[in-house]
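In: output the structure for:
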Amino acid sequence: MAVSNKIKDKAIAKVSVHGGHSGQFCHHASDSLEQVIQAYISHGFSWVGITEHMAPSSDGTRYPDEQEDNLSAKFLKQRFREYFAECKMLKEKYRDQIEIFSAFETETYEGSEVFVKELVVELKPDYLVGSVHHVNGICIDYDESHFQLAVESCAGIIPLYAQYLDAQYEMLQALEPAVVGHFDLIRKFDPAYLDSFKTLEIWQRIERNLGFIADKNLILDFNLRGFDKTAEQYPSTPVLKTALALGIAIVPGDDSHGVNSVGRNYQRGIELLTSLGADTNWRKPALIQYES
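Out: Take a look at the predicted model:
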């Protein structure tokens, strides 16, 4: 009850370091970006990072739903540019009601590092959310059939975990994103993920990646959307406890995909973090510095 009262009294600020996908700029989301921002305001958020998925580098790196509906990479790149223009306009429009960061969520596949850096130069985001959604070019969190294709491509679920974590480590080294998105997304369609984590080669990789995050003082996205998709948030509790022991900053991200998911599961997540002794004086992401 004490935790609930603290949240109600706003002693713990409402923030989202990884949020704000909208149907206007994301094919698997809903509502306009302005409607999503208005929802954050109505829910009492003090700041939010709008972190739209980056555009695909080519037609071959589109999400499955984008491919199915014949949305070309050229179209999606132009829409991504429009996203930044819209986000920066809304950032100014609502500056007296909420602090908005204009950011984006990266993808990780062959050639993505160069493309991300090109987008940073062109669009000048406030920060990056470093994520991995693909292994061997297959989207591992789209649906169970794609996940199984990824398992087959790696000749087993443990090798899939290993490749995911290795790809994540390479992304972290290449980009040093201010925020690391849904760290263990790979477990979304693995009901036995706790057993998978206990495999020595997997847990060693988890510790390696968390060690890098700690050394570089990056933020770990406490991704509340996980409650809707699996038994718990991302990262799972064993990973979360290890991150806290390493002194990694944990900050909530609702990973909203429309008005209805803004702030969803927030109180549930805060209660867990509080029970683990996490610092709820949320750290803001380090902003990318550009030459004037």
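
In: helices of the stretch 1-150 of the chain, residue ranges please.
Out: Listed in chain order, the helices of the stretch 1-150 of the chain (DSSP state H, counting those that start in this stretch) span 2-8, 33-42, 64-68, 73-93, 112-123, 144-154.

In: now the helices for the stretch 151-292 of the chain?
Out: 157-175, 193-198, 200-215, 226-229, 237-245, 266-275.

In: nearest to Ile186, out of those?
Out: Ile186 sits nearest to helix 157-175 of all the helices of the stretch 151-292 of the chain, at 4.2 Å, using C-beta to C-beta. Placement of C-beta: from N, CA and C, glycine included.

In: tilt between that closest one and helix 200-215?
Out: Here helix 157-175 runs at an angle of 20 degrees relative to helix 200-215 (axes from the mean of the first three to the mean of the last three C-alpha atoms, to 10 degrees).

In: with only the CA atoms kept, save helix 157-175 in PDB.
Out: Below are the C-alpha coordinates for helix 157-175, written out as PDB (Å, rounded to 0.1, in the frame of the first residue of the first chain):
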ATOM      1  CA  ILE A 157      17.400 -22.500 -29.100                       C
ATOM      2  CA  ILE A 158      20.700 -22.100 -27.100                       C
ATOM      3  CA  PRO A 159      22.700 -21.200 -30.200                       C
ATOM      4  CA  LEU A 160      19.900 -18.700 -31.000                       C
ATOM      5  CA  TYR A 161      20.300 -17.100 -27.600                       C
ATOM      6  CA  ALA A 162      24.000 -17.000 -28.000                       C
ATOM      7  CA  GLN A 163      23.800 -15.300 -31.400                       C
ATOM      8  CA  TYR A 164      21.300 -12.800 -30.100                       C
ATOM      9  CA  LEU A 165      23.500 -11.800 -27.200                       C
ATOM     10  CA  ASP A 166      26.600 -11.700 -29.400                       C
ATOM     11  CA  ALA A 167      24.700  -9.400 -31.800                       C
ATOM     12  CA  GLN A 168      23.600  -7.200 -28.900                       C
ATOM     13  CA  TYR A 169      27.200  -7.000 -27.600                       C
ATOM     14  CA  GLU A 170      28.500  -6.000 -31.000                       C
ATOM     15  CA  MET A 171      25.700  -3.300 -31.200                       C
ATOM     16  CA  LEU A 172      26.600  -2.000 -27.800                       C
ATOM     17  CA  GLN A 173      30.300  -1.700 -28.700                       C
ATOM     18  CA  ALA A 174      29.500   0.000 -32.000                       C
ATOM     19  CA  LEU A 175      26.900   2.500 -30.900                       C
END
